[in-house]
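Novice: model this:
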Amino acid sequence: MSQLRIIAGKYKGRRISFKPNSSLRPSTNRSKETLFNWLMVDIEGSICLDMFAGTGSLGIEAISRGAELVVFCEKNSKNFFDLKKNISNLDCLEKSKLLNIDSLDEEKEIPHGPYDIVFLDPPFRKNLINLALKKLESQALIKADTLIYVEREKKNDELSDHWKEIKHKIEGEKRYSLIIKK
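Specialist: Modelled structure (predicted):
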């Protein structure tokens with residue numbers, strides 16, 4: 001079992017456990033620190049979507065820092081089981097909605113939108129970012145001021161022209177950004 005540390009808020013210092021596998025690429029503490037510094041004034045009371053939850057570290061960090069609700073979507077059943085166990089162990093089920101679904105499936109409705117913040121950290125090298133953004137728009141899961149966190153390969157220019165990058169940082173071979181709809 002591997003572990004990730006929650007870096008701030010109500011659950012600061014607590015650990016998230018998961019079984020490492022090829023479908024997981026958890027966000028680093030450094031990138032989470034930067035992201036949540038960017039979201040500092042927006043996170044309290046927010047409704048969030050963790051669209052490719054994996055370990056759930058982004059959504060759990062959001063709950064720890066005061067998000068009202070996080071909807072976690074994870075299609076891998078083993079990752080989903082670990083995520084559910086971690087949410088239960090942290091006793092934050094009342095602020096979580098767990099969905100064992102492929103978040104890109106147009107036939108699957110994602111409840112509780114529109115969201116204030118969306119975490120979009122899909123598997124790398126699969127060109128899923130624009131598909132995810134289209135799903136967010138087609139199901140009215142975002143509003144004009146929704147902040148979307150995108151984590152992708154450094155050289156990935158996949159964002160279409162109607163999205164505006166408002167903040168970004170490069171860490172090794174990874175680029176992470178906050179975007180909004182133009």
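
Novice: Let me know the next secondary structure element after the longest helix along the chain.
Specialist: In the chain, with assignment by DSSP state H, the single longest helix is helix 77-89. As assigned by DSSP states H and E, the chain's next helix or strand after helix 77-89 is strand 96-99.

Novice: Pairing partners for the next helix or strand after that following strand, with directions?
Specialist: Scanning forward in sequence from strand 96-99 by DSSP H and E, the next helix or strand is strand 115-120. Strand 115-120 pairs in its sheet with strand 47-50 (parallel), strand 142-153 (parallel), by DSSP bridges.

Novice: re earlier: can you list the buried residues in the longest helix of the chain?
Specialist: 79, 80, 82, 83, 84, 86, 87 (16 or more other CB atoms under 10 Å). Bear in mind the C-beta positions are built from the backbone N, C-alpha and C, glycine included.

Novice: from the chain's centre, how far out does stretch 49-65 sit?
Specialist: From the chain centre to the centre of stretch 49-65 is a distance of 5 Å (CA atoms, centre = their mean, to the nearest Å).

Novice: In the protein, which residue is most central in space?
Specialist: The residue lying closest to the centre of the chain (CA atoms, centre = their mean) is residue 119, at 2.8 Å.

Novice: got the contact list for that residue?
Specialist: 48, 49, 50, 51, 52, 58, 59, 62, 149 (CB atoms under 8 Å, 6 or more residues apart in numbering).

Novice: Now render those as CSV, adding pLDDT, neighbour count and distance to residue 91.
Specialist: Formatted as CSV, those follow (pLDDT from 0 to 100; neighbours: other CB atoms under 10 Å; distance: CB to CB, whole Å):
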residue, pLDDT, neighbour count, distance to residue 91
48, 98, 28, 18
49, 98, 30, 22
50, 98, 31, 18
51, 98, 28, 24
52, 97, 24, 24
58, 97, 27, 19
59, 98, 31, 15
62, 98, 28, 16
149, 97, 25, 25
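
Novice: the inter-axis angle of whatever helix or strand residue 37 lives in versus strand 142-153?
Specialist: For residue 37, the host element (DSSP H and E) is helix 29-38. Using axes from the mean of the first three to the mean of the last three CA atoms, to 10 degrees, the direction of helix 29-38 lies 160 degrees away from that of strand 142-153.
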